[in-house]
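**Q** Dropping a prediction and its sequence here:
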Amino acid sequence: MSTTEKHYPQPQSDRDNEIFLAGWRQGRLMLQSCGDCDHTFFYPRPLCPHCWSSALSWKPALGNGEIVSFSLIHRPNHPSFFDEVPIVLAEIRIPEGVTFLGRVVGAAANSIGIGTSVRLVSATEAQNYPLPTFEVNTA
């Protein structure tokens, strides 16, 4: 079964994450930035975690990064993932100074390592996944 036929669990949209989720459906990784202290951060929230300001805006990330750490998931909790094991779940650091968890697809699990360069999947492929997903950057 291809990912286009999958029925992955879907994130729930709320006031804090709706721009983030809408951006992802268009293949963009959106980050919040504070207008008072210029801190860029992830996960979406109503206040800056650095200075507590509510003067927040959204900006697109470049879409590339580096694996800081990762785990291979062999026993996923949702049936839609059963035939995709091992699943690579990685801590990814992006140039905007943000580190977060993301899935890495399209590469053999044994080819993934700390320091591996990754990029967002294409905008077309992004529509197959409910949350930001990366692939190994071969360029």
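**A** Sure thing, it's come through.
**Q** contacts, neighbours, all on C-alpha from now
**A** Noted.
**Q** Averaging pLDDT per element, find the lowest-scoring helix or strand in this protein.
**A** helix 123-126 (a mean of 89; mean pLDDT, DSSP states H and E).
**Q** Which of the residues in that helix are classified as buried?
**A** Buried residues in helix 123-126, counting neighbours by 16 or more other C-alpha atoms under 10 Å, are found at residue 126.
**Q** For the next helix or strand after it, name the packing helices and strands.
**A** Downstream of helix 123-126, the next assigned helix or strand under DSSP states H and E is strand 133-136. With contacts taken as 3 or more C-alpha pairs under 8 Å, 6 or more residues apart in numbering; DSSP states H and E, strand 133-136 sits against strand 99-105, strand 117-120.
**Q** Deepest-packed of those strands, please.
**A** The highest mean neighbour count among these, using mean count of other C-alpha atoms under 10 Å, belongs to strand 117-120: a mean of 22.
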